[in-house]
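Undergrad: okay, here's the prediction I keep looking at, along with the sequence it came from:
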Amino acid sequence: MGGDTVRITTSEAIVRYLIAQRTVVDGQEVPLFPGVLAIFGHGNVTSLGHALETHRDEIPVWRGQNEQGMGLAAAGFAKAMRRRQVMVCSSSIGPGATNFITAAGVAMANRLPVLFISGDTFNTRLQDPVIQQVEHFGAPSTTVNDGFRPVVRYWDRITHPAQLLSTLPQMVGTLLDPADCGPVFLGLPQDVAAEAYDYPVEFFTTHVHRISRPRPDFGQIELAAEAIRNAKRPVIISGGGVHYSLAEAELGEVADALGIPVVETVAGKSALLPDHPCYAGPVGVAGTAATNAVVRDADLIIAVGTRLEDFTTGSWTAFASDARIVALNAARFDALKHRALPVIGDARESLLSLQKALQGWTAASDWTARASEARAGVEAFVAGRTAPDGHWPPSYAQLISEVHGSATAEDYILTAAGGLPGEVNVNWASRGIASVDTEYGFSCMGYEIAGAWGAAFARTSGQVYSMVGDGSFLMLNSDIYSSVLSGKKFILVVCDNEGYAVIERLQVGQGGASYNNMLSDARGPGSSVRVDFHAHAQALGALTFTVEDMDEFRDALTAARAADRTTVIVTKVRASDWTLGGAFWEVGVPTTSDRLEVTAARAAMDEGLVNQRRGV
C-alpha cells in the first residue's frame, strides 16, 4: 500500500471498506454489500451508527424489528441472490447480538453469506460490568459474542483498529468462497469502535470481486468418468450448489446429452423445470415414491452440489447398498462423504469437464426413459393430492395448487420448517429457474416471514409468495411491519391448523400420545382461545384477507397480486391431511416403553434401519 493515510475511526473504516467492495451480477457492476439491516443500541449506535448515517446514500440502512428476523432476512436475500451479494446485519451488545445466533445457524447450515456486526463490551474492561454484559468469572475476555463461534464460518473480535487491515479482506474472501461460503461475525468493542487510526488510503479503493470457479482436477474427472462409463443405471442428484454455481443450464444440457435422470433435493429445487426430458422429480423424505424408486434402482449416484443431508438420503437408506457415489462439490468436506469418489470444483465447470470426458457415451435408453416414467408418476400423484374435493378447510396440497395457479415464471415461492417444505417440494411444479426457497437445512420456524422480506429485496420482478403455519407465524411475525415500512412487498399465506400439527404427526406416528403440540392439548385455561391472525397482520400494516372457501381464496390471491404492499391471506387448513414422503427417516424412538404403540414404532424403526448404509 502507498504512503498516504487517512485518520478515521474503526467504525468509519468498516463502512468505507464495505462501500468500496463491488461485484458483478448479470453483467452489471453492483455493490457487494447493497445494504444494512440494523437495530441500533448501545454498542453500535454512537460509532458504527454514526458512520452509517454519514454514508446513508452510499449504503442504505433498513430498520428491522427483531435481530433474528433481520438475520433471517439476510439469509433469504442471499439465497434469492444465489450468493452473489451479501446483506450486512448490525446489532448492539448482549441480547441484540444473541438474537442473531439462530439466524447465523440458518446461514451456516445452508452455506449462505451473511455479515453480522455486533457491539461488544469495552476492550479496556475499566467499565465492567456494563449493562447487558454477561460475566465469566474465570474467563474475563469471554462475552456473549463467543456464542457465535459454532454457527459462523469466520469469527473475529476487533481489539485494535489496525486489525481491520488483515481481517476485512479475509472476511470478504470467506463470504465469496465457493467452498467455505457462510456467515461471518465481527465483534466490535465499544472503545475500539470509536478509536481513530491512520489507515492507508489505498485500503478503501474500489475493488470489483468476481466469484471464483475452481476447476476440477483432471485425474478426479477421469476417475469419475470411468465410474460413470461402467455404470448401468446412473442418476444425478441436483443440490443447492447448482444454483450457487449458476449451473442450471449446464446441468440440463449435460443430463440430456448423457441421458441421465436428474432428481432434486429440497435446496436444489427449480434447477430443472418439470418439462425437461431428464427431470425425475424430488428425492428423499420430502420427495415422492416414483422418484425414490429411480434412486433406489440406481447403481451410481452423481451428487452435484449437495451436502447429502438425511432428508435427501432417507437417513442413508434411500440408495442401494452397493451403489457408488461420485460427488461433485466445491467443498472437499462434502465431496468426501460416504466414501464418495470426489470431484472437487465448481459445479458448472465440473459438469462440463465430465461431459467432455464422456463424449460419445450415453446411458441405456431404457434407463433414460425411467425419468419420463417417474415424472409421469409424480404428476399423477400431485394431481390426486391437489384435486378439489368440495370440503373445507382444504389440504395444504390444495392450497399450494391454487397459489401455483396464480403464479408466473417470474414469481418466487418460499417456506420453511414443519410440513410446508415437504408439501411445496412435492406439489409445486417449478415455473422458473431458481424460483423456490424451502429452508430445510436448519428447518427454522420464523424464516417464512423474515426470509420473504429478504427475498423481496433481491427480486426485481414478479411476486414473492410465502406460506407459513400458525405456529411459525406466532414465533416471528414482526417483519410483516418491516416489509410495509421498507416497501418490500410479499404475499403471505397463513395456514392455520391450530397447533404444531406436523410435529404432532411425528409424535403420534412414532407411537406417542398427542401432547403439547395442538392448541387443544395445551395446558392452561386459555386452550380454547384462538389468535385473530387477520387483526394481527392488519395491525402490522398489511393488507389482510380471511377466506372461508376456495373462491374467496382465489379472489384474495388476485387482489394480493394487484396490491401495492405486503398482503396476508389467512385460511384454515386441515391439520392431518399430509402429502406422504417417499423415503424412510430415522428419528430417536425409545428402545423401551410401557406404551405398546411406542414399542411397535421402535420395531418398525429397527426394521427400516436394516438397509442403512454405513459411512461418515
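TA: All right, it came through fine.
Undergrad: CA atoms for contacts and neighbours, from now on please.
TA: Fine.
Undergrad: is it fair to say Tyr199 lies in a helix?
TA: No. Tyr199 is assigned strand when assessed by DSSP: H, G, I helix; E, B strand; the rest coil, not a helix.
Undergrad: which residues touch it?
TA: Shown in contact with Tyr199 (C-alpha atoms under 8 Å, 6 or more residues apart in numbering): Thr5, Val6, Arg7, Ile8, Ala13, Ala162.
Undergrad: buried among those residues? Make that a ChimeraX selection.
TA: Of those, the buried ones go into a single ChimeraX selection, burial set by 16 or more other C-alpha atoms under 10 Å:
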select :8,13
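Undergrad: end to end, how far does stretch 226-234 reach?
TA: Taking C-alpha to C-alpha, to the nearest Å, the first and last residues of stretch 226-234 lie 12 Å apart.
Undergrad: tell me who's in contact with the spatially closest residue to Met518 that is not a sequence neighbour.
TA: Nearest non-adjacent residue to Met518, counting by C-alpha to C-alpha, 6 or more residues apart in numbering: Gly499, 4.1 Å away. Listed by C-alpha under 8 Å, 6+ apart, the contact set of Gly499 reads Asp470, Gly471, Asn517, Met518, Leu519.
Undergrad: check the offset of stretch 385-402 from the chain's centre.
TA: Taking the mean of its C-alpha atoms, stretch 385-402 sits 26 Å from the chain's own mean (C-alpha atoms, centre = their mean, to the nearest Å).
Undergrad: my guess is Gly187 contacts His160. True?
TA: No. Contact criterion C-alpha atoms under 8 Å: Gly187 and His160 do not qualify, at 11.6 Å.
Undergrad: these two - which one has more neighbours?
TA: Shown here are Gly187 and His160; by other C-alpha atoms under 10 Å, Gly187 has more neighbours (25 against 17).
Undergrad: hmm, back to that, now, the most widely separated pair of the contacts of Gly499?
TA: Greatest spacing in these, by C-alpha to C-alpha: Asp470 and Asn517 (12.0 Å).
Undergrad: so what sits against both of the two?
TA: Gly499, Tyr500.
Undergrad: residues in a beta bridge with the spatially most central residue of the chain, which ones?
TA: Against the mean C-alpha coordinate of the chain, by C-alpha atoms, centre = their mean, the closest residue is Glu439 at 4.1 Å. Applying DSSP bridges to Glu439 yields these beta-bridge partners: Ala416.
Undergrad: residues contacting it?
TA: Val266, Ala267, Leu414, Thr415, Ala416, Ala417, Pro421, Tyr447 are the contacts of Glu439 under C-alpha under 8 Å, 6+ apart.
Undergrad: you'd agree Gly471 is up against Cys495?
TA: No. The pair Gly471 / Cys495 is not scored as a contact, 9.3 Å apart, by C-alpha under 8 Å.
Undergrad: and the contacts of Glu439 as TSV, adding neighbour count?
TA: As requested, the contacts of Glu439 are exported to TSV (neighbours: other C-alpha atoms under 10 Å):
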residue	neighbour count
Val266	29
Ala267	27
Leu414	26
Thr415	32
Ala416	28
Ala417	22
Pro421	22
Tyr447	34
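Undergrad: when you compare pLDDT across these, which one is lowest?
TA: Checking pLDDT across those, the minimum falls on Ala417 at 91.
Undergrad: what sits against it?
TA: Ala417 makes contact with Glu439, Tyr440, Ser443, Cys444, Met445, according to C-alpha under 8 Å, 6+ apart.
Undergrad: ok, now Phe319?
TA: So Phe319 contacts Val295, Arg296, Asp297, Ala298, Thr313 (C-alpha under 8 Å, 6+ apart).
Undergrad: how about it, secondary structure?
TA: Strictly by three-state DSSP, Phe319 counts as coil.
Undergrad: any figure for the gap between it and Pro261?
TA: Relative to Pro261, Phe319 is positioned 15 Å away (C-alpha to C-alpha).
Undergrad: now do Ile237
TA: 9 Å.
Undergrad: higher neighbour count, these two?
TA: Neighbour count, other C-alpha under 10 Å: between Ile237 and Pro261, Pro261 has more, with 30 against 23.
Undergrad: nearest to Ser91 among the contacts of Tyr199?
TA: Ranked by distance to Ser91 (C-alpha to C-alpha), these are led by Ala13 at 17.7 Å.
Undergrad: let me know the average pLDDT across the helix or strand harbouring the closest one.
TA: Using DSSP states H and E, Ala13 sits within helix 10-20. Average pLDDT, helix 10-20: 98.
Undergrad: quick one: it to chain centroid distance?
TA: 28 Å.
Undergrad: before we move on, what about stretch 278-285?
TA: That offset, for stretch 278-285, works out to 19 Å (C-alpha atoms, centre = their mean).
Undergrad: okay, how far is it across it, tip to tip?
TA: 21 Å.
Undergrad: one more: stretch 29-42?
TA: Stretch 29-42: ends 35 Å apart by C-alpha to C-alpha.
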